[in-house]
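**Q** A structural model of the following input is requested.
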Amino acid sequence: MGAYRTKAGTKWRVGVLDRLRRLGTLELLVLLLVLPVAAEAHEPGYADAKIASPARTSRAGVRLAFPVGELPRCGMLVTTGKVLSPLARWIVIDLDLMTIQQATTRLSDAGGPVEIERERTDAISDDERRNVIASGNEVWIMPDPDPPMIGEPTDYLCSVALFDGDDVLQEVGSDCPRPRFVAVLEALAASANRRANLQEHAPAPPSAEVSIGSAHREPDGTLVLWLRATNEDGTVVGHGEFRYSPSDQNYDRVLRHLGPIPPGGKVLVLPFPPRWPDEVASPQRPRS
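**A** Prediction:
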């Protein structure tokens, strides 16, 4: 089946800083670009308990054409396709970035990188995130009562994968494994599409207090922010990870902006102001 490799992936990375600039975050985040990548963080309330299943594997052992670097750190996906068709459909949930990504991919004839024919990424709400976490936790802790079989007289294939850092649970079959879980992701995709259709001709209010990602604090006090950049219509065009150590000059400002962070927990990140409230404005040049 198709992969999630994209020409768009590079465009996202190129465009993310421009998008973040519109949110007033560039001045805050540019100092963090040279810092090391954050260690994988556990999602509180997600995958706290797990069954010992032969479908459990490591991130490196995932059997998908998806590039490993583009899979969610904490999240899930379902992909469907046919052996005799080059097309595959993907639904990918990223719990850190609170996004749902939908794509239709096509395998190239020469066996090279797959091409994305259609793709969109949308934000999900807190309620949708909680709902999909609850459904995913059922998969982590309960064996499939009627696991689908591979080798039946059909060319239809369906794959379900759940990600928690390096730990991955992946099941594949001629029928979709975990039909209740797949139905939740399908319903979430349909809801995101309905919202997109309603907002297609209605630009979002410029002052809307919509979260731009999530943040948590590591044991040494370091603040780790996972932020996304969006278009005016709400579609996500890129994302990045940014870290603030306690010695950083903007550490206290960022912490005040985030508010209280419960031990081991996460908070949503609201858009940053164009300038910190305690920052001294540059003197204006006298008029001639």
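**Q** Thr80 is in contact with Ala103, correct?
**A** No. The pair Ala103 / Thr80 is not scored as a contact, 11.8 Å apart, by CB atoms under 8 Å. Using the backbone N, CA and C atoms, a C-beta is placed for each residue, glycine as well.
**Q** higher neighbour count, the two?
**A** For the pair Ala103 and Thr80, the greater number of neighbours falls to Ala103 (22 against 18), based on other CB atoms under 10 Å.
**Q** just the CA atoms of stretch 49-59, as CSV, please.
**A** This file holds the C-alpha atoms of stretch 49-59, laid out as CSV (Å, rounded to 0.1, in the frame of the first residue of the first chain):
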residue,chain,number,x,y,z
ALA,A,49,-1.9,-0.2,30.5
LYS,A,50,-1.0,-2.6,27.7
ILE,A,51,-1.6,-6.3,26.9
ALA,A,52,1.3,-8.6,26.0
SER,A,53,0.4,-9.1,22.3
PRO,A,54,2.4,-10.6,19.4
ALA,A,55,1.2,-7.5,17.5
ARG,A,56,3.4,-5.3,19.8
THR,A,57,6.6,-4.1,18.2
SER,A,58,9.1,-1.3,18.2
ARG,A,59,8.8,1.8,16.0
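**Q** show me where the stretch 151-288 of the chain has its strands.
**A** Along the stretch 151-288 of the chain, the stretches classed as strands by DSSP state E, counting those that start in this stretch are 156-164, 167-173, 213-217, 223-230, 236-244, 266-269.
**Q** run the angle between the second one and strand 156-164 for me.
**A** In this case it means strand 167-173. If you take axes from the mean of the first three to the mean of the last three CA atoms, to 10 degrees, strand 167-173 sits at 170 degrees to strand 156-164.
**Q** contact partners of strand 167-173?
**A** The contact list for strand 167-173, computed with CB atoms under 8 Å, 6 or more residues apart in numbering, reads 47, 50, 53, 55-59, 61-64, 139-140, 144, 147-150, 157-162, 177-178.
**Q** before we move on, the earlier item: list residues touching both of Ala103 and Thr80?
**A** Arg89.
**Q** grab the nearest non-local neighbour of Asn231.
**A** Val237 (5.8 Å; CB to CB, 6 or more residues apart in numbering).
**Q** the one you found: neighbouring residues, count only.
**A** For Val237, the tally of surrounding residues (other CB under 10 Å) stands at 19.
**Q** what distance do you get for it to Asp220?
**A** 32 Å (CB to CB, to the nearest Å).
**Q** same check on Asp96?
**A** Distance from Asp96 to Asp220, counting by CB to CB: 20 Å.
**Q** between the two, which is the more surrounded one?
**A** Counted by other CB under 10 Å, Asp96 and Asp220 do not tie: Asp96 has more neighbours, with 22 against 7.
**Q** per-residue pLDDT of the closest residue to that one other than its chain neighbours, please?
**A** Using CB to CB, 6+ apart and skipping residues adjacent in sequence, the residue nearest Asp96 is Trp226, 4.5 Å away. Looking at Trp226, its pLDDT reads 88.
**Q** Ile91: helix or strand, and which one exactly?
**A** Element membership for Ile91, per DSSP states H and E: strand 87-94.
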